[in-house]
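**Q** model this:
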Amino acid sequence: MYSLREVFRDIRRNSALILSGFLATTASLAVLGVFSLVSHNVLRIVKLVEQRKEIVVFLKDGVGEERVASVEEELLALQGVKGVEYTSKAQAWTEFVKEMGKEEILKAVGYNPLPASFKLILLSEYKNAARMKVLAGQVMRIGGVEDVSYGGEWIERLDRIVRVLLLGTLIVGVFVGLSVVVVMASTTRFIVLARRDMVEILKSVGASDSAIRRSFLIEGASLSFLSSCLAMVVVFLGFRALHNSLPDVEFLEPIHVLIFVGLGTFLGLCGSYLSVRGVLKNIE
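**A** So this is what the prediction gives:
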């Protein structure tokens, strides 16, 4: 049987050929790594945008404490509302003064014109334009409510942008993934064809296709694993070099790095399998 020890012995014997394949694989995986980094930050931005989607309920002036408590109960009873945050007129004014930095405004105006309000904390599945619009309509029917703000057309445009970003990320991801498989398959095919004589000798002495295929799969998986690790190092070094220019860009989390290495190894295994299977059929 063509053992693992023999696989690495064969790699040493064909170091120049293996090195060229290793560099080609690393380059393709580095492209996948850059795409993973971009995708990670796109999804992070989408998540931050989702967190900013909220409904603010403004109360009428003169609403008493009992009615405020009643409004809170009715808001919490609405489907899709996870929680509420109440801001009194006094608190609203204090926050306004902190932002503006001019306490004399109250003296000039003569009274506090800001209304008390509730901010609705929504479940994630309700943070879209259609459901927020329906929810805003339900809130307006509650007694004591003066107005409701949720972004309206801005939320609709934002939802469209998010859908385009996610769809674009998916399409590019599939394309890059397939490209990596093609590059790895082509590289493995080149390596196998370059060692055609060795394969023919192994077959002549009784080695089965499965045993020969297994050796190349082990070799392909090993090289893909090492290429994935090196590609991630290259991406990280590039990230560090550009970090000062792009301070808001965040690197992949450790679990995502492990997933990338595993995915790169798997893609290499797939490419090796497709390539070796095709080559062995043409070798008698």
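
**Q** now Ser149: phi and psi?
**A** phi -120, psi 130 (degrees, to the nearest 10).

**Q** next, count neighbours for the nearest residue to it once chain neighbours are set aside.
**A** The shortest distance from Ser149 to any non-neighbouring residue, by C-beta to C-beta, 6 or more residues apart in numbering, is to Val56 (4.7 Å). Backbone N, C-alpha and C define where each C-beta goes, glycine included. Counted by other C-beta atoms under 10 Å, the residues lying close to Val56 total 17.

**Q** what's the answer for Ala90, then?
**A** Close neighbours of Ala90, defined as other C-beta under 10 Å, add up to 11.

**Q** and if you look at Phe225?
**A** Phe225 is surrounded by 17 other residues when neighbours are defined as other C-beta under 10 Å.

**Q** what's the pLDDT at it?
**A** You'll see Phe225 listed with a pLDDT of 89.

**Q** for the residue lying closest to it once chain neighbours are set aside, phi and psi?
**A** Distance criterion C-beta to C-beta, 6+ apart; nearest residue to Phe225, sequence neighbours excluded, is Thr265 at 4.6 Å. For Thr265, the backbone dihedrals are phi -60, psi -40 (criterion: degrees, to the nearest 10).

**Q** contacts only, for the residue nearest the centre of the chain.
**A** Centroid check for the chain by C-alpha atoms, centre = their mean gives His40 as the closest residue, at 3.7 Å. For His40, the contacting residues are 250, 252-253, 256, taking C-beta atoms under 8 Å, 6 or more residues apart in numbering as the criterion.

**Q** so which of these is the closest to Leu167?
**A** For the contacts of His40, the minimum distance to Leu167 (C-beta to C-beta) is 20.9 Å, reached by His256.

**Q** returning to that earlier point: any idea what the residue nearest to Ser149 is bridged to?
**A** Counting by DSSP bridges, Val56 forms beta bridges with Lys119, Ser149.

**Q** any idea how far it is from Val233?
**A** For Val56, the distance to Val233 (C-beta to C-beta, to the nearest Å) stands at 47 Å.

**Q** check Glu156 too.
**A** When C-beta to C-beta is applied, the distance between Glu156 and Val233 equals 43 Å.

**Q** burial count for Val71?
**A** By other C-beta under 10 Å, the residues close to Val71 number 22.

**Q** per-residue pLDDT of it, please?
**A** 91.

**Q** next, count neighbours for the nearest residue to it once chain neighbours are set aside.
**A** Of all residues beyond its chain neighbours, the one nearest Val71 is Gly144 (5.2 Å), with distances taken as C-beta to C-beta, 6+ apart. Under the neighbour criterion other C-beta under 10 Å, Gly144 is assigned a count of 16.
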